[in-house]
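*Asks:* Here is the input, now give the coordinates:
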Amino acid sequence: MATLNQGAPPQTVICVHVSPDAAPGHGELLHAQGRTSFAMCAVSPLRTFPCLRQRSKQIISAVLLVTGFVMGAVNVTSAAQTIDEQVRAHFQAAQQARARKDYANAEREYAAAIKIAPGFAESYLNLGLLYQLQERIPEAMEKFKEALARNPALGSANFLLGMDFCQRGEAARALPYLKAAARQLPSNAAVWAWLGTANGMLGSTKAEVQSLQVGLHLKPRDPDLLYLLGRGYEQLGHETMVRLEHRSPGSPYLDLLVAEGYLTSGYFSEALVRLRKVESAWPQSALVRTEIAEIFLRVGRLDLARKQLEPVLKQGTSSLPAIVQEGEIRLLEGNVDGALDDWSQALSTDPYRTENILGLTRAAFQSAANGAPTSQRALQLLPRVESRTSAAASLARDFLLRFTGRSDAVEVRPLNRAPRRPGLCTSANVREWIRHDEMEFVAACSAKSSSTLAAFRVDFARALVEVGKPEEALRTLDQASANASDPPEVIYWRIRAYRSLALQTYTTLYEVHPGSYRVHELLGNIHEAKGEDTEAIKEYRLALLERPRLPNLHYQLGHLLWKGFKTQEAEAEFTAELKLNPRHSSALMNLGAIRLYQHQPGEAIEYLQRAEKLDPANADIHHFLGQSYLELGRKSEALKELKLAAVSDHTAAIHFLLGKVYQAMGQRPEAVREFAISSALNQRAHQQTDERAQQLAQAELLLKQP
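*Replies:* Model prediction:
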């Protein structure tokens, strides 16, 4: 029987093999490690969500064409043996032709084998693989179907057919084949990766993440699985946040989450405006005050950071972030003794969180570009801490080294460590630990099932997130409340857990594959989120240099180029994406928008109609179609499209275009109504923009050095 060898290298190696003792129709996927006979492999990467189209040599990571098999019949006759030998000869000839890239002769040899033994499923499978290598995808898929008609348990055919449907953007059709492949080939990480992809394309993010987790368990260092799983966790956080927006649109937790996103991305003025709003609702919140203090520390406003922390440090309960931040302020002011006292206290409370607050648990991944001291100031302070031997001094040394260009000298600190043993998990003890911010002890009690501790479930979840155990936090929150009735606080910590999982996964990716194309893609994502488009473009191009067929990346690059009105370069990238995935609706839409920008509405409509068929609910597509029809004088069609756009896009631009259409149609009352709506929306938007601009200007002024 064919087997699956698990200790493969990071790249996925998928081969078809029928061992000499196999029964008929049992060709399966396996890794080619250790197999020398008849091996023929060509390596390439996995896929990425949301859009796939890595064909042929890059889709099938490695293909081992079937050459050795037996018919497996009982009481084999001499005639059957003769047929067996004839088929074997055709297979060997096909493989030799394939090795010479003589695909025409290889195809003829496989066809001859099929004519002799039409019931042998692997013949169709190998012919399909040959078509796949030539990018004759429809023909390949037909052969995979014929193979499955003869042997539904042929996992390799299920996998390849499901993968091809995914590449065509037909995830719903891919799913049953990939589920079958996962049952038949449960130890193949690539199968789970593609099953996750199909689920993600269908919007089933939880199922996507579950499949990717299985794949990563099989190949823990795989860069594709790490990147995709990180994106999956991010998507779960996003979906949960949308739920919070719908259920509690005015909740301070929503503003807090948005502010934390701005803070992570380096938009300090935006973060400060949001956090001030939360502070007005929760004036006594230590969490909010320490996050505001973090902003001031990032920009060097030590005076404002200390002022923000004073009420927290004076109140009856302890706040570990406040103690750590106070130590940071003292260190940067030159009060080394005071800083080490603070950090000694913090380390005695919770060493992991202390290091995490300072960014030392993942210093290699989290850039210090937005951080606290300048390189010159750090160099001045280093000699004063390097001569000391305490744990706090070691912490201060590593903290300063990050800002001197010597990050390689920073001690590597693991993300998770063995917890210290708490006292008895009584309600009184848990309350006391919460009061003193001893989250390590609180987290250690989270697994207790005592009914007296049920009231602390959210506190347990918070503690687990803060000590670096977000998966356990999610399990605890599931016990605290069903998703349908989660209060905002539970949703907040659920989102924090997903964000923490994403960061942990990305950190592992960075540490294991620091120069890989997936890290370049990830860094491009981060720069894009920060609005650093030039740096993002650079990273995306580096990723494509290594993996030119990486799905969706040509689109992302084109999007940034189009944003900068580099239309020719953007068009080239969108076109490249469509060669990989002709069903990429966003690439089609953007090409239509470019044609509209170039005053070519007829060509724009061709792209936009294709996009509309793939994504009929997209308001932007209807908007651009309506505008294109209007420019061509096709008023009725323009009206239809703009009305569809207005259902979900209630903006001034849409109503202005509707007004123009009604005006062109001679329907004056309707035109006046739409222009009035557009004017009112514009006025409201300008007012909101002006108010926001004033708030941001005040925040930016405050954040400037005195």
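
*Asks:* show me where the stretch 201-350 of the chain has helices.
*Replies:* 205-218, 223-247, 252-265, 268-281, 286-298, 302-314, 320-333, 336-349 (DSSP state H, counting those that start in this stretch).

*Asks:* Tabulate those (TSV), appending distance to Asn199.
*Replies:* C-beta coordinates here come from the backbone N, C-alpha and C atoms, glycine included. Formatted as TSV, the helices of the stretch 201-350 of the chain follow (distance: least, C-beta to C-beta, whole Å):
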stretch	distance to Asn199
helix 205-218	4
helix 223-247	9
helix 252-265	25
helix 268-281	33
helix 286-298	35
helix 302-314	44
helix 320-333	37
helix 336-349	42
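
*Asks:* do you know which of the ones you listed lies nearest Gln694?
*Replies:* The closest approach between Gln694 and any of the helices of the stretch 201-350 of the chain, judged by C-beta to C-beta, belongs to helix 268-281 at 10.0 Å.

*Asks:* pLDDT of the closest one, averaged?
*Replies:* Mean pLDDT, computed over helix 268-281, is 95.

*Asks:* Equivalent analysis for stretch 666-681, please.
*Replies:* In this model, stretch 666-681 has a mean pLDDT of 96.

*Asks:* And it, what's buried?
*Replies:* Gln667, Glu670, Ala671, Glu674, Phe675, Ile677, Ser678, Leu681 (16 or more other C-beta atoms under 10 Å).

*Asks:* Give me the distance between the last one and Glu641.
*Replies:* Applying C-beta to C-beta, to the nearest Å, one obtains 19 Å for the distance of Leu681 from Glu641.

*Asks:* Same question for the fifth one.
*Replies:* From Phe675 across to Glu641, the span is 19 Å (C-beta to C-beta).

*Asks:* Equivalent analysis for the second one, please.
*Replies:* From Glu670 across to Glu641, the span is 16 Å (C-beta to C-beta).

*Asks:* And Val672, by the same measure?
*Replies:* Taking C-beta to C-beta, one finds Val672 at 21 Å from Glu641.

*Asks:* hang on, Pro551 packs against Leu580?
*Replies:* Yes - in this structure, Pro551 is within contact of Leu580 by C-beta atoms under 8 Å, at 6.1 Å.

*Asks:* Can you give me the separation between Glu570 and Ala271?
*Replies:* I think there's a mix-up here, since residue 570 is Ala and not Glu. 31 Å.

*Asks:* right, and Ala97 touches Glu109 too?
*Replies:* Yes - the criterion here is C-beta under 8 Å, and Ala97 meets it with Glu109 at 6.3 Å.

*Asks:* Of the two, which one has the most company?
*Replies:* Glu109 (24 against 19; other C-beta atoms under 10 Å).

*Asks:* who are the neighbours in contact with that one?
*Replies:* For Glu109, the contact set (C-beta atoms under 8 Å, 6 or more residues apart in numbering) comprises His90, Phe91, Ala93, Ala94, Ala97.

*Asks:* Could you verify my assumption that Arg377 touches Leu332?
*Replies:* Yes - Arg377 is within contact range of Leu332, at 6.8 Å (criterion: C-beta under 8 Å).

*Asks:* Would you mind telling me which of those two has the busier surroundings?
*Replies:* Leu332 (20 against 17).

*Asks:* tell me the SS of Leu195?
*Replies:* Assigned by DSSP: H, G, I helix; E, B strand; the rest coil, the conformation of Leu195 is helix.

*Asks:* pLDDT value on it, please?
*Replies:* We have a pLDDT of 97 for Leu195.

*Asks:* Going by distance to Tyr352, which of the buried residues of stretch 666-681 wins?
*Replies:* Distance to Tyr352 across the buried residues of stretch 666-681 (C-beta to C-beta) is lowest for Leu681, with 49.8 Å.
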